[in-house]
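**Student:** Output the structure for:
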Amino acid sequence: MICKSMKIFFSIKSKLILAITALMAVIFLMIAFLFINEKKIELADDIYFGVRTFAELTAPAIADDVDLYLNEEGFVYFNKDIKKIFEQNKDVEWLKVVSYGGEIVYDSLMDAEKKYEGEERVTTVLPSIEQVKSEFPSFSISGDGFGKFDIYYLDENGVVLNSPETGFKISSFVQPASDKYSVVYGVTYANMDERISDMITRIIATAILGLALGIVLAFFMSTRVTRPVRKLVSGAEEVAKGNFEYQVDIKSRDELGFLGESFNKMAKDLGASLEARVYKERVGHELELARKIQEQIIPKNIPSISGLDVAASVEPATEVGGDIYDFIPVPGGSTIMYLGDVTGHGVPSCIISAIASSLMTSYAGMGDLKEILKNVNVVLKKKMMTTMFMTLGVVKWDSGTGRLSYVNAGHEPLMVCRSGSGAGGEIEMIDSGKGIALGMVPDISEKLNEVSVELGVGDVAVLLSDGILEAWKNEKEAYGLERLKEVVKGACKLSASEIKKAILEDVKDFTAGFEQKDDMTLVVVKRV
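**Tutor:** A predicted model of the protein is given here:
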């Protein structure tokens, strides 16, 4: 019985040792392969950029030396300078100076000892005459066939046109040097290959040592793994039953001990995660309700207003926002239109905008815009937190006189486009004074001012929230008023719906997918 138990013990241990060692070997080889491959790409890219920079720096000097020394029978001085240049970059194996006519003026492989004085040498394959004559640098990569090369050019910004994948190996680099010459740099990867070879040797030595240590470690772990694993299995069964308070007792101070601690933490985290999921679902449900409430507050259909073509929309930055607009008919045939913007966005702002909507509807019968805002402010001041406030732009349209009355409570000015001024229209900014936002002080009556403006047929008025003007293209550049004016001028002849669409599409094009920071609301009216 003892012998049988020992055989089973050693059989399990052997399997564990073999499995762990094999796994470590496979993982190590995969990591080594990936590392070597990435290192090859990194070194090849370094060589390319090094040769490119080297060419940019040395080519003009080489061209000058050709005219100064080589063409003036000063080969000794020229050759001396060339040797110094080679010493600066070990990845450049040879170089040629080629005239724009294709003549090889100097070839370091052929002219190392004295100046060439034979028949005219003309470049054929490497470099091509097109490369020599190009005003931009280029490089060659050996193609699939013998003696064939793929040629790539750089644009004026130094960007490779139709760039190959990273880690490519270039055969030569051609750098325009003057108005007469291009310099061709032959590239060698011998240094890189030597470094990779040394790296492979070190990796193999490390792998052998690692495998030996792995076998020892596997032998040690296999003798202590059975009991903790049983405890972990029992714990997993308890957690599967929903007992997230269950804790395993593993006293070892090795990885299994850490695993036991992690398991205990996982059990607690699963319990917390379940609670968080329930909470998230509840919050999501509440956000959905808030969104539906806001949808009910904002008019689904724009009412028909005598003498006006109207379009409006709101695009919240999150599920629910703090912007709101509405159209309220009042006695006497007039219509009150307003656009409000509560600080921030989300559920708190949505609640404030809902309260403000109810108040505006309740007080709209007063007819007097200043009185309406005065009374709305009294209530909001009592209901809002001190850190929150609401800007409001209110317009009253009198179809009988064709006039708009505007009161600004800390909101953006009313933009009016006069369609009669040429093809684009003339922009007027109607500002009743900046006023003060609602909810900041108990009484704002002294801060409010009402202005009136007449709309001619074809004139357009635009009321918007600052989320449009402050739409960001990046962390530094916002949409701005001037760009908006140009869009409105260009679209002034269109319908209200088309003007609104033109503005929102221009904002979308400007931001180019950058994060929307604030709600964007827009009301466009056009006299018809």
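
**Student:** which residues of the stretch 151-300 of the chain score low on pLDDT?
**Tutor:** For the stretch 151-300 of the chain, applying pLDDT under 70 flags the ranges 218-227, 229, 254-256, 275-276, 278-281, 283-291, 294.

**Student:** and what of the stretch 351-500 of the chain?
**Tutor:** 420-424, 434.

**Student:** try it again with 80
**Tutor:** For the stretch 351-500 of the chain, residues meeting the criterion pLDDT under 80 lie at 420-425, 432-435.

**Student:** All the strands of it, residue numbers only.
**Tutor:** 390-398, 403-409, 414-418, 426-430, 450-454, 460-464 (DSSP state E, counting those that start in this stretch).

**Student:** And for the helix or strand containing residue 328, what's in contact with it?
**Tutor:** Assigned by DSSP states H and E, residue 328 belongs to strand 323-330. Applying CB atoms under 8 Å, 6 or more residues apart in numbering, the contact partners of strand 323-330 are 294, 297-299, 302-303, 305, 310, 312, 314, 316, 335-342, 345, 353-354, 356-357, 360-361, 364-365, 367, 396, 463, 465, 467, 519-521, 523. Where you see a C-beta, it was placed from the backbone N, CA and C, and this is true even at glycine.

**Student:** what's the distance between it and the middle of its chain?
**Tutor:** Centroid separation for strand 323-330 versus its chain: 37 Å, with CA atoms, centre = their mean, to the nearest Å.

**Student:** what angle separates it from strand 390-398?
**Tutor:** Relative orientation of strand 323-330 versus strand 390-398 (axes from the mean of the first three to the mean of the last three CA atoms, to 10 degrees): 30 degrees.

**Student:** Tell me which of the contacts of strand 323-330 fall in helices.
**Tutor:** 294, 297, 353, 354, 356, 357, 360, 361, 467 (DSSP state H).

**Student:** Mind telling me the two of those residues farthest from one another?
**Tutor:** Largest separation among the ones in helices among the contacts of strand 323-330 by CB to CB: 361 and 467, giving 23.6 Å.

**Student:** who has more neighbours, the two?
**Tutor:** With neighbours defined as other CB atoms under 10 Å, residue 361 and residue 467 compare such that residue 467 has more, 25 against 13.

**Student:** could you check the distance from that one over to residue 342?
**Tutor:** Using CB to CB, to the nearest Å, residue 467 is found at 11 Å from residue 342.

**Student:** Does anything pack onto the lengthiest helix in the chain? Which helices or strands?
**Tutor:** Scanning the chain for the helix with the most residues, using DSSP H, yields helix 2-68. In terms of contacts (3 or more CB pairs under 8 Å, 6 or more residues apart in numbering; DSSP states H and E), helix 2-68 is packed against helix 75-87, strand 92-99, strand 172-176, strand 181-187, helix 190-222.

**Student:** Would you mind writing the CA trace of the shortest one as PDB?
**Tutor:** Spelled out, it's strand 172-176. The C-alpha coordinates for strand 172-176 follow below in PDB (Å, rounded to 0.1, in the frame of the first residue of the first chain):
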ATOM      1  CA  SER A 172      20.300  52.800 -50.200                       C
ATOM      2  CA  PHE A 173      19.200  56.400 -49.300                       C
ATOM      3  CA  VAL A 174      19.300  59.200 -51.900                       C
ATOM      4  CA  GLN A 175      19.600  62.800 -50.500                       C
ATOM      5  CA  PRO A 176      19.500  65.900 -52.800                       C
END
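
**Student:** residues in contact with it?
**Tutor:** 51-52, 55-56, 59, 126-127, 131-132, 134-140, 182-187.

**Student:** so what's residue 94 closest to, chain neighbours aside?
**Tutor:** Counting by CB to CB, 6 or more residues apart in numbering, residue 186 is the residue found nearest to residue 94 once chain neighbours are left out, at 3.9 Å.

**Student:** which one of the strands of the stretch 351-500 of the chain lies closest to residue 100?
**Tutor:** Closest among the strands of the stretch 351-500 of the chain, once you apply CB to CB, is strand 426-430, at 55.8 Å.

**Student:** Tell me the pLDDT of residue 146.
**Tutor:** At residue 146, the pLDDT value in this model is 59.

**Student:** which intervals of the stretch 1-150 of the chain have sub-threshold pLDDT?
**Tutor:** Across the stretch 1-150 of the chain (using pLDDT under 80), the flagged ranges come out as 1-25, 28, 72, 124-126, 143-148.

**Student:** quick revisit: quick one: buried ones out of the contacts of strand 172-176?
**Tutor:** 51-52, 55, 59, 126-127, 131-132, 134, 137-140, 182-187 (16 or more other CB atoms under 10 Å).

**Student:** Tell me how far residue 297 lies from residue 383.
**Tutor:** Taken as CB to CB, the span from residue 297 to residue 383 is 16 Å.

**Student:** between the two, who's got more neighbours?
**Tutor:** A side-by-side neighbour count of residue 297 and residue 383, using other CB under 10 Å, places residue 297 first with 17 against 14.

**Student:** residue contacts, that one?
**Tutor:** Per CB under 8 Å, 6+ apart, neighbours of residue 297: 324, 326, 353, 354, 357.

**Student:** check contacts around residue 211.
**Tutor:** Counted by CB under 8 Å, 6+ apart, residue 211 has contacts 21, 24, 25, 28.

**Student:** So what's the residue count around residue 456?
**Tutor:** Neighbour tally, residue 456, other CB under 10 Å: 10.

**Student:** could you check the distance from it over to residue 311?
**Tutor:** 19 Å.

**Student:** same deal with residue 268?
**Tutor:** 55 Å.

**Student:** Which one of the two is surrounded by more residues?
**Tutor:** Comparing residue 268 with residue 311 by neighbour count (other CB under 10 Å), the higher total belongs to residue 311, at 18 against 13.

**Student:** wait, isn't residue 381 in contact with residue 441?
**Tutor:** Yes: between residue 381 and residue 441 there is a contact at 7.2 Å, judged by CB atoms under 8 Å.

**Student:** Of these two, which one has the most company?
**Tutor:** Using other CB under 10 Å as the criterion, residue 381 and residue 441 rank with residue 381 on top: 17 against 13.

**Student:** Could I get the full set of helices for the stretch 401-528 of the chain?
**Tutor:** 466-469, 481-491, 496-511 (DSSP state H, counting those that start in this stretch).
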